[in-house]
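In: Attaching a predicted model along with its sequence, questions to come.
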Amino acid sequence: RWLELPVVQNEQSLHSFMRQAPTSLLVRYRDQTSVTERIRRILRHHLMQEAPSLNEIGQQLAMTPQTLRRRLKDEGQGFRAIKDDLRRDAAIEFLALPELTLQDVASRVGFSEASTFHRAFKSWTGVAPGEYRRAHFVGAERACGMAQTDND
């Protein structure tokens with residue numbers, strides 16, 4: 001049925017396509033993004049669950065754990081640092097949502113215990129999550145509310 005579809009090319013683009021077609025069919029697509037970014041993408045999909053291990057990620061990326069570690073080292077990264085950075089960034093995003101409790105934020109970034117999340121967040125940012133929320137987002141909400149009142 002694919003062969004019966006009309007060709008939607010002009011003469012020049014058709015010739016160009018035909019010159020590249022055999023190679024395009026044989027060459028496998030390579031993801032040119034960094035290994036770090038590819039790992040972040042995988043971990044982001046598993047954020048609310050237990051994070052996959054380095055071995056599991058290696059399997060998904062068709063690399064041995066040793067190759068994965070070497071590539072990360074070449075990029076100046078470590079697996080644990082990538083996981084921690086992702087969790088920190090996601091926690092900060094969730095803290096901006098006032099409808100989420102601190103326990104909600106903790107569970108959304110993969111912590112089963114709020115106390116563990118508090119310790120981790122404090123080690124990442126230097127302040128507790130509630131304090132971070134008050135310092136960065138509560139004032140902004142008030143300012144937005146005042147701006148809306150001014151505009152009304």
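Out: Yes, it's here.
In: mind listing the helices in the protein by residue range?
Out: Remark: helices assigned in the chain by DSSP state H are 11-26, 35-45, 54-60, 65-74, 79-95, 102-108, 114-125, 129-133, 139-151.
In: Which of those sits closest to Leu5?
Out: Nearest of those to Leu5, taken as C-beta to C-beta: helix 11-26 at 13.8 Å. Any C-beta I mention is one placed from the backbone N, CA and C, and that applies to glycine too.
In: Next, format the helices of the chain as CSV and append distance to Leu5, mean neighbour count and mean pLDDT.
Out: CSV is the format used below for the helices of the chain (distance: least, C-beta to C-beta, whole Å; neighbours: other C-beta atoms under 10 Å; pLDDT from 0 to 100):
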stretch, distance to Leu5, mean neighbour count, mean pLDDT
helix 11-26, 14, 10, 70
helix 35-45, 33, 16, 91
helix 54-60, 34, 15, 93
helix 65-74, 41, 14, 93
helix 79-95, 43, 17, 92
helix 102-108, 45, 18, 94
helix 114-125, 53, 16, 94
helix 129-133, 55, 17, 94
helix 139-151, 52, 9, 48
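In: Glu4 is nearest to which of those?
Out: Using C-beta to C-beta, the nearest of the helices of the chain to Glu4 is helix 11-26, at 17.1 Å.
In: Show the pLDDT at Val27.
Out: What the model reports for Val27 is a pLDDT of 58.
In: Pretty sure Ser107 sits against Met48.
Out: Yes - between Ser107 and Met48 there is a contact under C-beta atoms under 8 Å: 7.0 Å.
In: contacting residues around stretch 59-70?
Out: 35, 38-39, 42, 52, 54-55, 57-58, 71, 79 (C-beta atoms under 8 Å, 6 or more residues apart in numbering).
In: Can you lay out the helices of the chain as a markdown table showing distance to Leu3?
Out: Listed next are the helices of the chain as a markdown table, based on distance: least, C-beta to C-beta, whole Å:
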| stretch | distance to Leu3 |
| --- | --- |
| helix 11-26 | 14 |
| helix 35-45 | 36 |
| helix 54-60 | 35 |
| helix 65-74 | 41 |
| helix 79-95 | 45 |
| helix 102-108 | 49 |
| helix 114-125 | 56 |
| helix 129-133 | 59 |
| helix 139-151 | 58 |
